[in-house]
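>>> With the input below, show me the fold.
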Amino acid sequence: MVIAEIISLLPKRKDVSINHAVTKQRCAETWKSFKNAQKREVLEISGVTNITVHNTYKEGRITAGVAVAMAKVAGISPFYLTAELEKPGRFSEKVIAAFLGKLGISSPSLSEEPDIAPAAPAEADSDTPSLLHTADTDIGDIDITEEEIIVLLKSLIIRARYNDIDTEILAGIKHALIC
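Take a look at the predicted model:
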């Protein structure tokens, strides 16, 4: 999964800084060291505005999405930006998985290229109901691509922001995907 897709699943307003004064200083140094192209990349990846990043390094409050985006572009650990490490470390898939794990989020693969190997058909387990067959109606065979599933999940995430019923459905789908 691409970093931007993972960031879109993270809480948008939850502050993950351990020490606001240290986060403020480190984010200001990191942001000011970026060239304009790097700043644009952070804004693109994180999906936030320049004002949000400005507030981050002025107040020392940082969201997980901004921490991951800044860390990726700078090549450092997000734990450094949130004041959990004394040294910058390096950006890697393992570090991001640990960072997301600390937030209680299961980390899918972060590789930029999608896995194009066909999945082997799984044996149906009679004790575990399939997500597709939990509805009361029979929906028959579904022919859907991975890209279409991603688009559907993104639209459900957007709908869940405004509708409690969709929030419950989204929570059920996330639980089914994680387990």
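
>>> contacts and neighbour counts: CA atoms only from here.
Fine.

>>> what about P11, how many neighbours?
Residues lying near P11 (other C-alpha atoms under 10 Å) number 12.

>>> Point out where this protein drops to low pLDDT.
1, 106-142, 162-167, 179 (pLDDT under 70).

>>> if you set the cut-off to 90 instead, what comes out?
Low-confidence segments of the chain, defined by pLDDT under 90: 1-15, 45-58, 64, 92-179.

>>> I18 contacts A83, doesn't it?
Yes. Between I18 and A83 there is a contact at 5.6 Å, judged by C-alpha atoms under 8 Å.

>>> When those two are compared, which one has more neighbours?
The neighbour count for I18 versus A83, taken as other C-alpha under 10 Å, is higher for A83 (22 against 16).

>>> next one: phi and psi at that one?
phi 70, psi 30 (degrees, to the nearest 10).

>>> Begin at 15, not 1, for the rest of this chat.
I'll keep to 15 as the first residue from here, and by that count the last item is A97.

>>> Distance of it relative to Q39?
10 Å (C-alpha to C-alpha, to the nearest Å).

>>> before we move on, what about K49?
On the measure of C-alpha to C-alpha, K49 and Q39 end up 18 Å apart.

>>> Please apply the same query to I17.
25 Å.

>>> Next secondary structure after whatever helix or strand R40 lives in?
Per DSSP states H and E: R40 is located in helix 34-47. Of the helices and strands lying after helix 34-47 in sequence (DSSP H and E), the nearest is helix 50-60.

>>> which of the residues in that next one are buried?
53, 55-57, 59-60 (16 or more other C-alpha atoms under 10 Å).

>>> Okay, angle between the next helix or strand after that helix and helix 34-47 too, please.
Next helix or strand after helix 50-60 toward the C-terminus (DSSP H and E): helix 64-73. Angle, helix 64-73 to helix 34-47, by axes from the mean of the first three to the mean of the last three C-alpha atoms, to 10 degrees: 130 degrees.
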